[in-house]
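K.L.:
Quick one: sequence plus predicted model below, questions after.
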Amino acid sequence: MGAVNIETVGDLMRHRTLLRVTCRSCGHTGLFDPRDMIQFFGAGRRLDRLPLICRECGSRDIDRRPDHQTLLAYRDRPAKPKPKSL
């Protein structure tokens with residue numbers, strides 16, 4: 001499988017991965033489900049354009065990245081088994 005390019009909330013949905021956000025000021029981290037984000041921002045919203053604010057310190061200096069653990073879990077999942085012939 002080739003490189004995965006995730007730039008929008010819809011890309012997160014398509015690859016079944018969570019968004020990991022980390023405050024660069026205080027280090028507070030959170031995970032967000034793209035299904036929840038689509039309701040507010042739409043599938044086409046770029047990750048670098050999400051208006052995020054740290055709940056702990058109020059900073060807007062937030063790092064946004066796909067969560068590698070959920071992305072790898074999706075990519076490494078075995079393919080659907082093929083139906084057996086009768």
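P.N.:
Received the coordinates, thanks. Numbering: from 1, shown residues only.

K.L.:
For the helix or strand of the chain with the lowest mean pLDDT, which outside residues touch it?
P.N.:
The weakest-scoring helix or strand in the chain, judged by mean pLDDT, DSSP states H and E, is helix 68-75 (a mean of 77). Residues from elsewhere that reach helix 68-75, judged by Cβ atoms under 8 Å, 6 or more residues apart in numbering: Met1, Val4, Ile6, His15, Arg16, Thr17, Leu18, Arg20. In this view, the C-beta of every residue, glycine as well, is placed from N, C-alpha and C.

K.L.:
Which of those ranks first by neighbour count?
P.N.:
Highest neighbour count within the contacts of helix 68-75: Thr17, with 25 neighbours (other Cβ atoms under 10 Å).

K.L.:
Hmm, that one is touching Leu31, no?
P.N.:
No: at 9.9 Å, Thr17 does not count as touching Leu31 under the criterion of Cβ atoms under 8 Å.

K.L.:
If you count neighbours, what's buried in the least confident helix or strand of the chain?
P.N.:
Applying a neighbour-count criterion of 16 or more other Cβ atoms under 10 Å, one finds Thr70, Leu71 buried in helix 68-75.

K.L.:
what does stretch 53-64 give?
P.N.:
Buried-residue list, stretch 53-64, by 16+ other Cβ under 10 Å: Cys54, Ile62.

K.L.:
Over to stretch 36-44?
P.N.:
Neighbour counts over stretch 36-44 (16+ other Cβ under 10 Å) mark Met37, Ile38, Phe41 as buried.

K.L.:
so who does the last one touch?
P.N.:
This means Phe41. Neighbouring residues of Phe41 by Cβ under 8 Å, 6+ apart: Val9, Leu50.
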